[in-house]
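[1] no FASTA, just this:
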């Protein structure tokens, strides 16, 4: 199981935030739905920093629907005023049905024309009756199931690939994953390109960095050399270089912040 706590760099700064599992009929399409709701005082901004999962997100907000590609560096968003969003962290099985080339969206996003999805999610969120989030996730899931239809065998393989790369600490290389899935390295690379838009090695790297950030955050006394060894890095410097390249700071600086 992918750890839903990973990825958010400063949890204490988050507005009201919920993660909901998909209903059974959408379990092969969505890892989870994420729903922030915020009300920021006039004149203030709440900056949210994330080292995102190597996956695409389909995001509904009152202003429209956006398909957000996999990122290679930490990102942030500034929240102002009042608002909400309903996002689906898409499993690879969803991606091929929604976009021809997910690698073209790497570190980018595009408007996604889905007026019926926008209307259904907006109606659910604006009821404000305490069950609005569950209702929004359900109509979102229903829309995805209708759009994508039956999941093809290759898409099932892509889901299993992502599960191994992002949740199995014993997988330390693309070759490990290919062997576990009984496929060639080239086939694995094609799956990742078509269904995620990143190479398998980048997905493994993201898992290790997310876990590193989480452990630094939750165990501030942890020795960084020990952490590097636990996560399969050659040494402390290798971890620091990876951390700085993606998060823009060294682990020690993140711990201080």
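    Received the coordinates, thanks. Quick caveat: nothing in here was measured; it's all calculated off a predicted structure.
[2] Helices of this structure, start to end?
    92-98, 115-125, 132-148, 153-167, 174-180, 185-195, 200-218, 224-230, 236-247, 251-256 (DSSP state H).
[3] Including mean neighbour count, mean pLDDT and distance to residue 29, could the ones you listed go into CSV?
    Where C-beta positions appear, they are placed from N, C-alpha and C, glycine not excepted. Output for the helices of the chain, formatted as CSV (neighbours: other Cβ atoms under 10 Å; pLDDT from 0 to 100; distance: least, Cβ to Cβ, whole Å):
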stretch, mean neighbour count, mean pLDDT, distance to residue 29
helix 92-98, 22, 94, 5
helix 115-125, 17, 98, 13
helix 132-148, 19, 97, 5
helix 153-167, 19, 93, 9
helix 174-180, 18, 95, 21
helix 185-195, 18, 96, 12
helix 200-218, 20, 89, 19
helix 224-230, 16, 90, 33
helix 236-247, 17, 87, 27
helix 251-256, 15, 86, 33
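[4] Could you export those helices to JSON lines, including columns for distance to residue 64?
    Listed next are the helices of the chain as JSON lines, based on distance: least, Cβ to Cβ, whole Å:
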{"stretch": "helix 92-98", "distance to residue 64": "15"}
{"stretch": "helix 115-125", "distance to residue 64": "6"}
{"stretch": "helix 132-148", "distance to residue 64": "15"}
{"stretch": "helix 153-167", "distance to residue 64": "27"}
{"stretch": "helix 174-180", "distance to residue 64": "36"}
{"stretch": "helix 185-195", "distance to residue 64": "25"}
{"stretch": "helix 200-218", "distance to residue 64": "27"}
{"stretch": "helix 224-230", "distance to residue 64": "41"}
{"stretch": "helix 236-247", "distance to residue 64": "29"}
{"stretch": "helix 251-256", "distance to residue 64": "33"}
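[5] Identify whichever of those lies nearest to residue 54.
    Residue 54 lies closest, by Cβ to Cβ, to one member of the helices of the chain: helix 200-218, at 4.5 Å.
[6] ok, and what's touching the closest one?
    Contact with helix 200-218 is made by 3, 5-7, 9, 11, 51, 53-54, 72, 161-162, 165-167, 169, 171-174, 177, 188-189, 192, 196, 222, 224, 227, 231-233, 239, 242-243, 246-247, 251, 254-255, as judged by Cβ atoms under 8 Å, 6 or more residues apart in numbering.
[7] Domains in this protein, by residue range?
    11-148, 153-256 (automatic domain parsing).
[8] Look up how far residue 127 lies from the residue positioned nearest the centre of the chain.
    In the chain, the residue lying closest to the centroid (Cα atoms, centre = their mean) is residue 53, at 3.2 Å. Residue 53 sits 29 Å away from residue 127 when distances are taken as Cβ to Cβ, to the nearest Å.
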